[in-house]
Structure formats: C-alpha cells, structure tokens
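*Asks:* no sequence for this one, just the structure:
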C-alpha cells in the first residue's frame, strides 16, 4: 500500500530523527528550534509490510539498490566492506546513541560490543570483511524482518530520500501509476 502524504525538504537535525519520527507516528505536536537543523530531503509516507516485501522480492530493483549502497560504503573500492567502513553506516543511524531523538550518554564499551555484534551478523564467513553477497543476504533478512514487523496495517513514517524503505515506496508508486 502506498499513499504519499507529503513531500519536500524538512530542516532536520540528526539527533532529532527518532524523536521527530515518533511525534509524527503518535500525532504529537512538535516544536523544535530549527536554527540548529541541517537540510535533508525527506518525505512522510504511508506503507505496510507488503510494500517492503514486494520490493525485496523484485530482485532487479533490490539487487540494484544493494549494489549502489555497497559501492558507496566501500570507500577504498576493494570489493569488501571492512569493519571501519560499515561502522560509519551503523553509527550514522544513531539508534543506540539516542532515546526518542535525544542524545544519551552510552558506555563506549557497550556501544563497541553492539557494533561488533552487528558486524558479525553481516560477516557470515567470519573472515573480517563483508562481501557484496553477505551484505545483500543480511540486508534482505533485515528488510524481511521490517516487513513482518510492519504487518498489514499502514504505518506513517518519515523516510530519508535514499533509504531502502523510500525506494520500496517509490517502486510501489511506479507500479500503481503504470
């Protein structure tokens, strides 16, 4: 299911991402000092698990996005993602450093353990690097888990322009317009 609720440029600070998302989902009024925000292209979309599942099952679309994301993360262009290359992506999500978008002081050892565990999930053959196939398999597993978690009822979400979920929504919109 796809409905484009609103699109445009939102002034958005990385630390406020989760808080902003929860406010939108819960319908809470949001008053933030926009002077500290950076510009990000985002949209508010309504999607359900079938949107994500359909995207993952479209091998051409999914594999294309996986290849592009992998290439962007592979900064030294050796065909593998090192721990440091993939760590930057994990850290950019700021899932563990915030609580409802507010910075939380976490124990550095605890964070290192979480990021190490995530890397191990991607590094299936335990050789210390993640190849394209491992990246694709683990990303697919996570996307299917998201689809399962979303279920059949539509959920309103704020999606960044180049996110996997946004690409899934765009793909479904193209199918509907065809």
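*Replies:* All right, it came through fine. Keep in mind that what you see is a predicted model, and the values were worked out from it rather than measured. Residues are numbered from 1 along each chain as shown.
*Asks:* what element comes up after the top helix by length along the chain heading to the C-terminus?
*Replies:* As assigned by DSSP state H, the longest helix anywhere in the chain is helix 132-150. On the C-terminal side of helix 132-150, the nearest following helix or strand under DSSP states H and E is strand 155-160.
*Asks:* That following strand to helix 132-150, inter-axis angle?
*Replies:* With axes from the mean of the first three to the mean of the last three C-alpha atoms, to 10 degrees defining the directions, strand 155-160 sits at 150 degrees from helix 132-150.
*Asks:* What's the mean pLDDT across the longest helix of the chain?
*Replies:* Averaging pLDDT along helix 132-150 gives 92.
*Asks:* Same check on stretch 74-87?
*Replies:* Stretch 74-87 comes out with an average pLDDT of 94.
*Asks:* in it, what's buried?
*Replies:* Neighbour counts over stretch 74-87 (16 or more other C-beta atoms under 10 Å) mark 74, 80, 81, 82, 83, 85, 86, 87 as buried. In short, each C-beta sits where N, CA and C put it, glycine included.
*Asks:* residues contacting the closest residue to the fifth one other than its chain neighbours?
*Replies:* In space, residue 83 comes closest to residue 119 once its chain neighbours are excluded; the distance is 5.5 Å by C-beta to C-beta, 6 or more residues apart in numbering. The neighbourhood of residue 119, defined by C-beta atoms under 8 Å, 6 or more residues apart in numbering, consists of 83, 86, 87, 90, 130.
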